[in-house]
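# here are the coordinates; sequence isn't available:
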């Protein structure tokens, strides 16, 4: 697994960061807006945002004095690619099971 994929999984490993991703899927938000939704300091929220940014899951845009956090959905691509392997794995296993069951009915 390459380092970018590891960074994405690391970013998604924490429930607070997953909550932030879900919130940013609805709307772009500032650190201040996100901080009001959690029982933690602004600095703690900023650390979570840094991990999400390092994982390529969000981008931050400076707008005057504010920094707007925006979800980058394509950042999920490494996770989806990794999971698609298991989709194929189970599709193959279930197809083989179906063949075995149908073969035994004859």
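Arrived safely, thanks for sending. From a predicted model like this one, the values you see are computed outputs, not experimental measurements.
# What sits closest to residue 73 if chain neighbours are left out?
Using Cβ to Cβ, 6 or more residues apart in numbering and skipping residues adjacent in sequence, the residue nearest residue 73 is residue 25, 7.8 Å away. Any C-beta I mention is one placed from the backbone N, CA and C, and that applies to glycine too.
# just residue 56 next, same as before
Leaving aside its sequence neighbours, residue 56 sits nearest to residue 75 (Cβ to Cβ, 6+ apart; 3.9 Å).
# longest single helix anywhere in this structure?
Across the chain, the longest stretch assigned as helix under DSSP state H is helix 77-105.
# in this protein, which helix or strand is least confident?
Counting by mean pLDDT, DSSP states H and E, the chain has its least confident helix or strand at helix 77-105, which shows a mean of 81.
# For that helix, name the packing helices and strands.
Helices and strands in packing contact with helix 77-105 are listed as helix 3-12; criterion 3 or more Cβ pairs under 8 Å, 6 or more residues apart in numbering; DSSP states H and E.
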